[in-house]
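S.K.: Here you go, sequence then predicted model.
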Amino acid sequence: MKPCAIVLLNYNGEGVLPTFLPSVVKHSQHEVWMIDNASTDGSLIFAKESFPEVRLISLDSNYGFTGGYNLGLEQLRGQYETFILLNTDVEVTPGWDQSLVDFLVSRPDYAAVQPKIRSWKDRTYFDYAGAGGGFVDSLGYPYCRGRIWDHLEQDFGQYDDTIQVDWASGACLAITAADFYAHNGFDASFFAHMEEIDLCWRLRKSGRKIGYLGSAVVYHQGGATLDRASAHKLYLNCRNSLSMLYKNVGFLRFAAIFLAKGFFEGMAAFNYVRKGEPKFAKAILRAYGDFLGSTKIKSPIVKNDLPEVGGSGPVGVIFGYFLLLGKRKFTDL
């Protein structure tokens, strides 16, 4: 098998590929693949004509982030030892891919790793998606070193280390092929958002580790497919968060978390209505309704006898950010 494939997932990426794909081709030492989710714009033609060295896998429909990667990587089964899953709106730097591969090769107890992820728009700050390594608090809310909720830290080298984390960002995720296939990849019912946190949680439950490598750096634009302020993204995050927790924690703990999250997110929905943004309130309510009533969400959930592994973060980051003053940085927690 070959050591690594860099795999991008594209859906109507004509607006970002000309900006970001050149750096991937220029600075990558391993083969580059692009899975296309039945794009309807000119992105596939651009990739074929401008970068013929990029290998293409064309799907017959838009299967989202989860289904697109699952179906595309199935076609590469048995060919590569490691995959680096990379968003199409990420600019990479020299040596980035080999650093991630070397990390996994030298640490056989690790299943996945992410680099430092800075903002492409403001390159001195961390990016929202992954930043300096991901963690999960006691209520299942994800946060990062360098990003607590929407607050981003400036990068002064404070997270240039190499550490074990709870989850690695799907914006740039290096994962061993064996681990990806052994855990059946992403939960396809998620479609998009929270899927990498769920996969990393399942990996940790099986005894595998997740890493962060601060010496490798990439720059992420973010929001290229679904804007961060989108009501649909809020819906996916709320629904998928509940599904992730239901799968990965015990029943009693889930029940307690469900009540706590329901209270806080119910307050958020009320606040959206008060501010004249009812579509966001409806997104939250629909997420809870779909989780509780949809067999599509519940069907892939399989309880197992693996030991429960929770978040390593403090009790309720939401308390520190919204209810206590000054809890805006990882070092404040």
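M.R.: All right, it came through fine.
S.K.: So, low pLDDT: which residues of this protein?
M.R.: 223-228, 295-333 (pLDDT under 70).
S.K.: what are the ranges of the strands in it?
M.R.: Taking DSSP state E, the strands of the chain run over residues 2-10, 31-36, 55-58, 80-86, 90-92, 110-119, 134-136, 142-144, 147-148, 151-152, 162-165, 172-176, 209-220.
S.K.: for those, which one sits closest to Phe20?
M.R.: In terms of C-beta to C-beta, the element of these nearest to Phe20 is strand 90-92, at 5.5 Å. From N, CA and C alone the C-beta is placed, and that goes for glycine too.
S.K.: helices and strands around that closest one, which ones?
M.R.: helix 17-27, strand 209-220 (3 or more C-beta pairs under 8 Å, 6 or more residues apart in numbering; DSSP states H and E).
S.K.: Run the chain-centre distance for it.
M.R.: Strand 90-92 has its C-alpha centroid displaced from the chain centroid by 16 Å (C-alpha atoms, centre = their mean, to the nearest Å).
S.K.: didn't Leu21 look like it was pressed against Glu49?
M.R.: No - with contact defined as C-beta atoms under 8 Å, Leu21 does not count as touching Glu49 (11.9 Å).
S.K.: Look at the two and report which has more neighbours.
M.R.: Leu21 (25 against 9; other C-beta atoms under 10 Å).
S.K.: What residues does the residue lying closest to that one once chain neighbours are set aside make contact with?
M.R.: Of all residues not flanking Leu21 in the chain, Phe51 sits nearest, at 6.1 Å (C-beta to C-beta, 6 or more residues apart in numbering). Phe51 makes contact with Leu21, Pro22, Val25, Val32 under the criterion C-beta atoms under 8 Å, 6 or more residues apart in numbering.
S.K.: does Ile175 really touch Ala112, like I thought?
M.R.: Yes - Ile175 sits in contact with Ala112 when judged by C-beta under 8 Å, with a separation of 4.1 Å.
S.K.: intersection of neighbour lists for those two?
M.R.: Common neighbours of Ile175 and Ala112 (criterion: C-beta under 8 Å, 6+ apart): Ala168.
S.K.: For the residue lying closest to Cys144 once chain neighbours are set aside, grab the count of nearby residues.
M.R.: Nearest residue to Cys144 in three dimensions, chain neighbours excluded: Ala131, at 3.8 Å (C-beta to C-beta, 6+ apart). Using other C-beta under 10 Å, Ala131 has 28 other residues around it.
S.K.: How about Thr40?
M.R.: Neighbourhood size, Thr40 [other C-beta under 10 Å]: 10.
S.K.: Please verify my assumption that it contacts Gly13.
M.R.: No - taking contacts as C-beta under 8 Å, Thr40 lies outside contact range of Gly13: 11.3 Å.
S.K.: Domain-wise, how is this protein divided?
M.R.: 2-220, 231-306 (automatic domain parsing).
S.K.: Quick one: end-to-end distance for the first one.
M.R.: If I follow you right, that is domain 2-220. This stretch, domain 2-220, spans 27 Å end to end (C-alpha to C-alpha, to the nearest Å).
S.K.: Who are the contact partners of the residue of the chain most remote from its centre?
M.R.: Distance from the C-alpha centroid of the chain, by C-alpha atoms, centre = their mean, peaks at Arg274 (31.0 Å). By C-beta under 8 Å, 6+ apart, Arg274 lies in contact with nothing.
S.K.: let's see 10 Å
M.R.: Ala281 (C-beta atoms under 10 Å, 6 or more residues apart in numbering).
S.K.: likewise the one 10 residues further on?
M.R.: Contacts for Ile284 (C-beta under 10 Å, 6+ apart) come out as 231, 234-235, 237-239, 262, 265-266, 268-270, 272.
S.K.: taking those one by one, which sit in helices?
M.R.: Using DSSP state H, the members of these that fall within helices are 231, 234-235, 237-239, 262, 265-266, 268-270, 272.
S.K.: Buried ones among the residues you listed?
M.R.: Among the ones in helices among the contacts of Ile284, those buried by neighbour count (16 or more other C-beta atoms under 10 Å) are Ala231, Leu234, Tyr235, Asn237, Cys238, Arg239, Glu265, Ala268, Ala269, Tyr272.
S.K.: Having no further points to raise, I will conclude here.
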